Structure formats: C-alpha cells, structure tokens
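**Q** need a structure here:
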Amino acid sequence: MTLRFSVLASGSSGNAFYIESGKGKILVDAGLSGKQMDKLFNEVNVSPTDLSGILVTHEHSDHIKGLGIIARKYNLPIYANEKTWKAMENSIGKISLDQKFVFNMEEVKTFGDMDVESFGVSHDAAEPMFYVFRSGGKKVALVTDLGYVSERIKKTVEGADAYIFEANHDVGMLRMGRYPWSVKRRILGDSGHVSNEDCGLALTDIIDNNTKRIYLAHLSKDNNMKDLARMSVGNILTEHGIEIDLFDTDPAVPTAMYEVG
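**A** Okay, here's the model as predicted:
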C-alpha cells in the first residue's frame, strides 16, 4: 500500500484530515468536538489508538477544537511548530510533556514509511503551515487556509497524485453577502482564504500527468456552494486544456477512503 486518505471534515465549522501508509497513520487537525471526531473515525473504520500522531496546521478553533480531548483520550503525540504551540496552549487544555513534539516549518519528518514535509502559508495565525505526504513514490498535498498561493508553495506541492486544495469562496457571493466589510477584507486579503478562481488558476500551474484527483476544501457555508466551486474551478482547468475529476468535501461527512494508485 502507498497512501490512503479521507478528508474527515472540511469547512469553516471544523477541519480534520486522515492519511495512512503501510506503516504510518496521521491525523492532521482535530477541529471538531471529541465526540464528533470519534464518529468520523468510526465512519471510515479507523481506530484512533493506531495513530502515529496528530499534526497541527495552526491554532484557529476550526482546526484544534477537539485536539486536546482526542490526544488525552488516546494518549497521542501532537506535532506543531513552537509559535503554534504557544498560540494554542490555552485552548487545548493540559498536554503531558511526553505528548508534545515540535515540527518546524520547512522540515521533513518520517512516520513509519511516510515522509511528511511542512511548508509555510500566508494566513492570519501565529505560524500557519500545511503538509505534503510521500510514500511508495506517491505524493499527496494538503493546501488550505491561505490568502494566496506563492511560487514557493507551488514548487513544494507540484506534481502531486492528489490534492486537497482550498476553494473557500466565490468572490461575488462574498462581496454581496452579509459579512461586515472588515471580515470580507480579511478573507479577500493576502492572509485570508483562496477563492474558487484563485484555486483553479493555482491548480493549472501545479498539476501534471500524475495528478488523479482534486478535493475542493474549506468551502465557506455562506459564500460558496459545492456545485459553484466545482463549476468555477472546472471551467478554469478546462480553459487550460486540463480534464480531471473534482471531488467535494463536507464539514460533517467524511470522504470515502481513497487509495492513491
């Protein structure tokens, strides 16, 4: 087996991502309650006791809400960079010292037979970072919660077999929507979230013949719709001569486990 994964939950109400190789099992973020996390694990037939660890992207509550609960309940190691540890320590409760690990930005750590590379993103958090996973010659990239996709990020994530990529909002819906202008400005800014259009344009630069699947992630429930995101991103890819399967993610329903072939 190379890599298998499920987007357990994705959206502004909570995020969690599970990925496994032959010898490594990783959870990225636990942004739902402990009870909801257990339900999601159960739905994809994963036992949290088997996890090699939990990786944290940043300290926003939709990424760490259930982190402390799950880590304590199953005695799991947590990996985050030092600034994120500092920013989230008051939100996750007491974590014993032997469960705390530092995973620096631009670093590679190995879990069993899976190499995980971290990379920084532009987002309004202490030191946000996301991850690329490699095993058996396969590559999966998790890229959400960023205001724009830099050339450096494109270089890191290019040529993956599968992407979980942010398509947070439709710019027109956001501009016309009920959010106060200060929030709209934050989302549209360089440390906010990637729009459907920017997602499509970034993907045209990074996908290649290896790429089999793209999951559109972290959709805003107020400023986007699954059909609209798929259509907007799909149209841009088609304009660039790219035909590829686009998949939905959901804030409450995990995606079916997918094995990267």
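**Q** measure M37 to D248 for me?
**A** Going from M37 to D248 by C-beta to C-beta, to the nearest Å gives 20 Å. Bear in mind the C-beta positions are built from the backbone N, C-alpha and C, glycine included.
**Q** among the two, which residue is more densely surrounded?
**A** A direct count of neighbours by other C-beta atoms under 10 Å for M37 and D248 places M37 higher, at 24 against 17.
**Q** distance of that one relative to G22?
**A** Here M37 is placed at a distance of 24 Å from G22 (C-beta to C-beta).
**Q** show me what V7 is bridged to.
**A** Beta-bridge partners of V7, counted by DSSP bridges, are F17.
**Q** and it, what is it in contact with?
**A** By C-beta atoms under 8 Å, 6 or more residues apart in numbering, the contact list for V7 reads F17, I164, Y215, A217, T249, P254, T255.
**Q** redo those residues as JSON lines? Include distance to M225.
**A** Output for these, formatted as JSON lines (distance: C-beta to C-beta, whole Å):
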{"residue": "F17", "distance to M225": "22"}
{"residue": "I164", "distance to M225": "19"}
{"residue": "Y215", "distance to M225": "16"}
{"residue": "A217", "distance to M225": "14"}
{"residue": "T249", "distance to M225": "13"}
{"residue": "P254", "distance to M225": "20"}
{"residue": "T255", "distance to M225": "18"}
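**Q** where does the stretch 1-150 of the chain dip in pLDDT?
**A** Applying pLDDT under 70 to the stretch 1-150 of the chain flags the ranges 1.
**Q** one step back: what is the nearest of the contacts of V7 to G172?
**A** G172 has its nearest neighbour among those in A217, at 20.3 Å by C-beta to C-beta.
**Q** for the closest one, grab the count of nearby residues.
**A** A217 has 29 nearby residues by other C-beta under 10 Å.
**Q** nearest residue to it in space, please, no chain neighbours.
**A** S10 (4.4 Å; C-beta to C-beta, 6 or more residues apart in numbering).
**Q** for F119, same thing?
**A** T156 (4.7 Å).
**Q** I figured that neighbour hits E117, correct?
**A** Yes: using C-beta atoms under 8 Å, T156 is in contact with E117, at 7.0 Å.
**Q** quick one: Y131 and M114 touch, right?
**A** No: the criterion here is C-beta under 8 Å, and Y131 misses it with M114 at 10.5 Å.
**Q** closest to the centroid, which residue in the protein?
**A** L142 (4.6 Å; C-alpha atoms, centre = their mean).
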